[in-house]
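In: Please work out how this folds:
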Amino acid sequence: MPVAESLPKKYPLTITHFNKMIEIGILDEEEHIELIEGELILMAPIGPIHAGKTNRLNRLFSLSVGDSAIVEIQGPIVLDAHSEPEPDLALLRPRQDFYETANPTVDDVLLLVEIADSSLNHDKNTKIPIYARHRIPEVWLINLPKQQVEIYLKPSPEGYRHIWLPEKHECISPTLLPEVSVKISDIFS
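Out: Numbering: from 1, shown residues only. Here you go, the predicted model:
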C-alpha cells in the first residue's frame, strides 16, 4: 500500500520572532516590513503623493479628534500572535501612556486608514480581509488611482458586510467618532 506523501508546512513567524530579528539586526528597523499571517511582507517604498495624503489626513484628523482619539501614523497594530500590520493611519482609543508600554491591539482601534496607489491590490485583497476577520470595526481605503474613498463596515470572518463609496462632495465620519468629520474634497485637494 503506497504511503501518502505529506506536504511540507510553512513555519509562521510570530511577533516575538519578528521583533527579535529586528533587535539582533537580521532585519533593518528602517525597512518597511510587515508581519502578515506569519509571513514577512516587504512593502513598496512610499512615494510623495502617498506621503502627502498621509500628512494631509494626519492634519485633518489631528485638528478634529481632540482628546477623543490618538492619531497614529504607520504604527504597528497587533491583530494576533502572527500579524502586526502597519496601516497608514489609525485612530486609537486614548490611553494615558500613549501606547508606550505596548502596541495597540484590535480592541484599541477606532478606525484604520490605508492609502493605496501601488499597494492597492495588496490592501484590498490581503489586508482588508484580515482586518475584517480580526473585527476591526471600520477601515477607510483611500484609493489614489480612482481618487475615491472606500469605507468598509460591519466586519465578519467572511469580510466586511457593508462597503460604502461616498461621493466626492460628501463629508464622512468614523462610526465610532461621529463628531469627527472629514470632507472628501479635502483629502483629494
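In: All the strands of the chain, residue numbers only.
Out: Along the chain, the segments classed as strands by DSSP state E run 33-36, 39-42, 70-73, 89-92, 109-116, 138-143, 148-156, 159-164, 171-172, 182-183.
In: for the residue nearest to residue 119 when sequence neighbours are not counted, what are its contacts?
Out: Nearest non-adjacent residue to residue 119, counting by C-beta to C-beta, 6 or more residues apart in numbering: residue 44, 5.8 Å away. Every C-beta, even on glycine, is put in place using the N, C-alpha and C of the backbone. Taking C-beta atoms under 8 Å, 6 or more residues apart in numbering, we find residue 44 in contact with 32, 118-119.
In: again, only using 10 Å
Out: 32, 50, 117-119, 122 (C-beta atoms under 10 Å, 6 or more residues apart in numbering).
In: Can you tell me the closest non-neighbouring residue to the residue most central in space within the chain?
Out: In the chain, the centroid-proximal residue (C-alpha atoms, centre = their mean) is residue 87; its distance is 2.7 Å. Spatial nearest neighbour of residue 87, chain neighbours left out: residue 112 (4.4 Å); criterion: C-beta to C-beta, 6+ apart.
In: number of nearby residues for that neighbour?
Out: 25 (other C-beta atoms under 10 Å).
In: quick one: low-confidence parts of the protein?
Out: 1-4 (pLDDT under 70).
In: Quick check: longest helix in it by residues?
Out: helix 48-65 (DSSP state H).
In: C-alpha coordinates for stretch 108-115, PDB please?
Out: The C-alpha trace of stretch 108-115 is given here as PDB (Å, rounded to 0.1, in the frame of the first residue of the first chain):
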ATOM      1  CA  ASP A 108      -7.800  49.800  20.800                       C
ATOM      2  CA  VAL A 109      -8.700  50.600  17.100                       C
ATOM      3  CA  LEU A 110     -11.500  53.100  16.300                       C
ATOM      4  CA  LEU A 111     -10.600  53.400  12.600                       C
ATOM      5  CA  LEU A 112      -7.800  52.200  10.300                       C
ATOM      6  CA  VAL A 113      -6.900  54.000   7.100                       C
ATOM      7  CA  GLU A 114      -4.900  52.500   4.200                       C
ATOM      8  CA  ILE A 115      -3.700  54.900   1.500                       C
END
